[in-house]
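[1] Got a predicted model here, sequence first, then my questions.
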Amino acid sequence: MIIQIDTREKSRAIQKILQYLNENNIKYVSSKMICGDYCDISNPLFCIDRKQNLNEVCNNVCQNRKRFIAELERAKELGIRLVFLIEHSAKIKCLEDVRFWKNPRLKEHPLALSGERLYKILSVVEKTYNTKFYFCCKNVTGREIVKLLEEEQNEKYIKVKLQS
């Protein structure tokens, strides 16, 4: 496996990811990607978009909605399956857990998204764009990226075997 990392990923934000890749002798290259932040270069039709937390996701579905949807549309048009890996906390393990998330912005901005509203929006995004939202803690993001890429590769291999 050789992982392609989008050049727009901030070097400080991905230090632990690179450390994981180096410690596990996983090769990687930095290159601008059409969409997402990570892919296995042998399978560019499956990409992972890393989000630093649910606050960034809220920003994506509210203030930056046009750009967010444009990226999903671009992926869909090109036949790329784009999934999201959200680094948040151990409390959020799956999309359903987002319902119980307490958005810290609600204290100052009563119109900010609640966890329940964010959950509903992300559920619609999953169905509309054939995507999935995965969650992890920041200290295991590298491992989770590799795991998602390997699982996709295994699924692809199984489908090819079944067809032959």
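    Structure received. Values in this document were obtained by computation on a predicted structure and should not be read as measured data.

[2] What segments of the chain are helices?
    Ranges of helices in the chain, per DSSP state H, are 15-23, 54-61, 65-78, 115-129, 141-163.

[3] Can you tell me which of those helices is packed in deepest?
    helix 54-61 (a mean of 19; mean count of other CB atoms under 10 Å). In this view, the C-beta of every residue, glycine as well, is placed from N, C-alpha and C.

[4] centre of the chain versus it, how much separation?
    Helix 54-61 sits 12 Å away from the centroid of its parent chain (CA atoms, centre = their mean, to the nearest Å).

[5] what residues does that helix touch?
    Contacts to helix 54-61, defined as CB atoms under 8 Å, 6 or more residues apart in numbering, come from residues 51, 67-68, 84, 86, 88, 92, 98, 101, 103-105, 112-113, 115, 118, 121-122, 125.

[6] what's the closest residue in space to Cys47 that isn't next to it in sequence sitting at in phi/psi?
    Residue nearest to Cys47 in three dimensions, not counting chain neighbours: Gly36, with 3.0 Å by CB to CB, 6 or more residues apart in numbering. Main-chain torsions, Gly36, degrees, to the nearest 10: phi 80, psi -180.

[7] ok, how many other residues are close to Gly36?
    Gly36 sits with 22 neighbouring residues when counted by other CB atoms under 10 Å.

[8] I figured it was touching Pro44, is that so?
    No. Using CB atoms under 8 Å, Gly36 makes no contact with Pro44, being 9.6 Å away.

[9] Can you pull the residues that touch both of those two?
    Among the neighbours of Gly36, those also in contact with Pro44 (CB under 8 Å, 6+ apart) are Ile80.

[10] can the helices of the chain go into TSV with extra columns for mean pLDDT and distance to Lys32?
    Below are the helices of the chain laid out as TSV (pLDDT from 0 to 100; distance: least, CB to CB, whole Å):
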stretch	mean pLDDT	distance to Lys32
helix 15-23	95	17
helix 54-61	94	19
helix 65-78	95	14
helix 115-129	96	22
helix 141-163	73	18
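
[11] Asn103 reaches Glu116, doesn't it?
    No. Between Asn103 and Glu116 there is no contact under CB under 8 Å: 10.0 Å.

[12] Next, work out how far apart Phe135 and Tyr119 are.
    12 Å (CB to CB, to the nearest Å).

[13] which residues do those two both contact?
    Leu95.

[14] Any idea how many residues pack against Val140?
    Val140: 15 neighbours (other CB under 10 Å).
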